[in-house]
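Asker: Sharing a sequence plus its predicted fold:
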Amino acid sequence: MNLTETIKKQAKTFNKTIVFPEGNDGRIKEAAKLIEENNIAQAVVLDGGKNSLKEACRLINDNQCDGMVAGATAATATVIKTALKYIGVKDNMPIVSSFFIMSGKESGKEFGKKSLVFADCAVLPDPGSRELADIATATAASVKNILNWEPRVAMLSFSTKGSARHRLVDKVKKAVDILDTKTPDFIYDGELQLDSAIVPEVSRQKDPGGVLGGKANILIFPDLNSGNIGYKLVQRLGGFKATGPILQGFKSPVNDLSRGCSVEDIVNVAAVTVLQAAEE
């Protein structure tokens, strides 16, 4: 059973209700039907009018629904701004960020079988060092609580442990320093190039003695350019299944869809939203 199927199976164990404000899109209607037929969640589908996003947030605030999935027709910025205004962020999480669950193939080379989490690939264009540390912390918590993985976080750069000098490298180094002061309850390391983060043989050469040993399962990208390009490359050329963007930081679960999403994408994101609601 692959990762997305495992997520959907877990979602069936919770009795959660998810609201879909964009009922004017046929994909939403079809996905909502499948979600209910497969007992993933109860689906509340709104009419998709200009106030539907706002109405969905008020259903959630009144405890009529446990989470929202939107973005099939609305831009990411619109979904996030509406949720920020009407739902708000968690007290202990000053920013909203996102991650993608990248599900590997069941066959192929070793790397192709892996599943990884990429962050932030959809929200913050140019996070500062403190924001990168917050993204790492939030994503590690999400992965631990939703996927039941032991987080192994790589703070990515084009440099591995001082192999290059540049202000962009310094930003990542400072983020690692900030994590050091917080002493989080997850394994992390940086700054690391991608191959040092996920290939043990390369890690032994470039970062001997590194705590990750080339076995990171969470990749924190230094900016939205690299994160967005990175996940699309792995998705389109590597054949990975991308579930997301999964948003984190809101008081109640809110998730965004790509406007090019498929019915299957909507079902998968809804299943993750159920698990987030169960965590809350």
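Answerer: Right, received. Where do you want to start? Because the structure is a prediction, the values reported are computed rather than measured.
Asker: what about Thr243, is that helix, strand or coil?
Answerer: With DSSP: H, G, I helix; E, B strand; the rest coil as the basis, Thr243 sits in strand.
Asker: quick one, what contacts it?
Answerer: By C-beta atoms under 8 Å, 6 or more residues apart in numbering, the residues touching Thr243 are Thr4, Ile7, Phe100, Ile101, Met102, Ser103, Asp265, Asn268, Val269, Val272. Yep, even glycine has a C-beta here, placed from its N, CA and C like the rest.
Asker: switch to 6 Å and redo it
Answerer: Ile101, Asn268 (C-beta atoms under 6 Å, 6 or more residues apart in numbering).
Asker: cool, and Tyr231?
Answerer: Phe100, Phe118, Cys121, Ala242.
Asker: I'd like those residues as JSON lines, with secondary structure appended.
Answerer: What follows is the contacts of Tyr231, written out as JSON lines (three-state DSSP):
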{"residue": "Phe100", "secondary structure": "strand"}
{"residue": "Phe118", "secondary structure": "strand"}
{"residue": "Cys121", "secondary structure": "coil"}
{"residue": "Ala242", "secondary structure": "strand"}
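Asker: Leu212: which of those is nearest?
Answerer: Phe118 (15.7 Å; C-beta to C-beta).
Asker: what about the residue nearest the centre of the chain, which SS state?
Answerer: With distances taken as C-alpha atoms, centre = their mean, Phe99 lies nearest the centre of the chain, 1.9 Å away. When classified by three-state DSSP, Phe99 comes out as strand.
Asker: Nearest residue to it in space, please, no chain neighbours.
Answerer: Closest residue in space to Phe99, ignoring its immediate chain neighbours: Ala119 at 3.9 Å, by C-beta to C-beta, 6 or more residues apart in numbering.
Asker: so the one you found bridges to which residues?
Answerer: In this entry, Ala119 is beta-bridged to Phe99, Ile220, by DSSP bridges.
Asker: so how far is Gly128 from it?
Answerer: 15 Å (C-beta to C-beta, to the nearest Å).
Asker: what about the two, which has more around it?
Answerer: Higher neighbour count among Ala119 and Gly128: Ala119, with 30 against 13, using other C-beta atoms under 10 Å.
Asker: Contact partners for Gln235?
Answerer: Ala242.
Asker: If you could redo that for Val202, that was the one I meant.
Answerer: So Val202 contacts Asp195, Ser196 (C-beta under 6 Å, 6+ apart).
Asker: And for the one 4 residues further on?
Answerer: Counting by C-beta under 6 Å, 6+ apart, Lys206 touches Thr160, Ser196.
Asker: what do you get if the cut-off is 10 Å, keeping everything else the same?
Answerer: Ser159, Thr160, Lys161, Ser163, Leu192, Gln193, Asp195, Ser196, Ala197, Val199, Gly214 (C-beta atoms under 10 Å, 6 or more residues apart in numbering).
Asker: And for Val211?
Answerer: Arg152, Ile187, Tyr188, Asp189.
Asker: For the protein, which segments count as strands?
Answerer: 17-20, 42-45, 67-70, 97-103, 116-119, 152-156, 187-192, 218-220, 241-248, 254-256 (DSSP state E).
Asker: weakest of those strands by average pLDDT?
Answerer: When the strands of the chain are ranked by mean pLDDT, strand 241-248 comes last with a mean of 90.
Asker: partner strands of it, parallel or antiparallel?
Answerer: strand 97-103 (antiparallel).
Asker: Report the distance from the strand it pairs with to the chain centre.
Answerer: 3 Å (C-alpha atoms, centre = their mean, to the nearest Å).
Asker: try stretch 253-268
Answerer: 12 Å.
Asker: What residues sit buried inside it?
Answerer: Pro253, Val254, Asn255, Asp256, Leu257, Cys261, Val263, Asp265, Ile266, Val267, Asn268 (16 or more other C-beta atoms under 10 Å).
Asker: Over to stretch 44-59?
Answerer: Val44, Val45, Leu46, Gly48, Ser52, Leu53, Ala56, Cys57, Leu59.
Asker: do stretch 5-23 as well
Answerer: Per 16+ other C-beta under 10 Å, stretch 5-23 contains these buried residues: Ile7, Lys8, Gln10, Ala11, Lys16, Thr17, Ile18, Val19, Phe20, Pro21, Glu22, Gly23.
Asker: I'm done for today, thanks for sticking with me.
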